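Participant: quick one: sequence plus predicted model below, questions after.
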Amino acid sequence: MAEASEDSQDDLDPRGDHFTTRRAVFLKHLARNSSVKKSAKKAKIPNSTLYLWREKDPDFAAAWLKALAAGYELLEMEMLDRARKGVKRTIYYHGKKVAKVRDYDNKMALQLLRLHRETVALVRAEQAAAQAEARAEPVRDTLDEKLKKVNERLRAYQAEKRRKQECIDSSAIGAKGVGDAR
């Protein structure tokens, strides 16, 4: 029984090459097929171990999410390709091939369009914000230059004011000293 717990501890040890290789195989296949079960089988890792790794290791959890996102993106591209190009189908009549046709799944295409409407709106908003930022950059630079000049003038004014005050103070001290000498 103690040996089984040692084995599971070895599974959690990130220093082993076998550990790293198995994780890499899992993540690679997860990115291809978006199936945890199939990817775990390919990497020869029990599902429970994978979920434990995901819970205990934030880096692995992040890599898992990244791989899933890549897998879903690949699936999405495949679905878009099917919606655009259709799927070839052979027509048989009395057991003989009579024609080949291309079927289009309009329902799926419309569903994909609905799903992407929000994404497109977000991308456009990001692009507009980036363009506004690009236009604001020269204005910001001009404002920074103006502020720098104002600060320089303010410092010069304050320095001049201090110099005048020192002159007044020194002449007052000199006047007191001259009046005392009489």
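Facilitator: Right, received. Where do you want to start?
Participant: tally of neighbours for L74?
Facilitator: Look at L74: counted by other CB atoms under 10 Å, it has 14 neighbours. C-beta here means a position set from N, CA and C on the backbone, and glycine is covered the same way.
Participant: which SSE is V98 in?
Facilitator: V98 is located in strand 96-103, with elements delineated by DSSP states H and E.
Participant: now the next helix or strand after that strand: mean pLDDT?
Facilitator: Sequence-wise, the next helix or strand downstream of strand 96-103 (DSSP H and E) is helix 106-181. The pLDDT scores in helix 106-181 average 80.
Participant: circling back to that earlier point, list of residues touching the strand holding V98?
Facilitator: Under the criterion CB atoms under 8 Å, 6 or more residues apart in numbering, residues K85, G86, V87, K88, R89, T90, I91, Y92 lie in contact with strand 96-103.
Participant: look up which residues are beta-bridged to the last one.
Facilitator: Think Y92. K97 (DSSP bridges).
Participant: gap between it and K42?
Facilitator: Distance, Y92 to K42, using CB to CB, to the nearest Å: 36 Å.
Participant: between these two, who's got more neighbours?
Facilitator: Legend: neighbour count by other CB under 10 Å for Y92 and K42, higher for K42 (17 against 10).
Participant: the spatially most central residue of the chain: what's it in contact with?
Facilitator: Nearest to the mean C-alpha position of the chain, by CA atoms, centre = their mean, lies K66 at 10.3 Å. By CB under 8 Å, 6+ apart, the contact set of K66 is A31.
Participant: wait, a helix at it?
Facilitator: Yes - under DSSP: H, G, I helix; E, B strand; the rest coil, K66 sits within a helix.
Participant: contacts for the strand or helix carrying T90, please.
Facilitator: Secondary structure assignment for T90, by DSSP H and E: strand 87-93. For strand 87-93, the surrounding residues in contact (CB under 8 Å, 6+ apart) are K97, V98, A99, K100, V101, R102, D103, D105.
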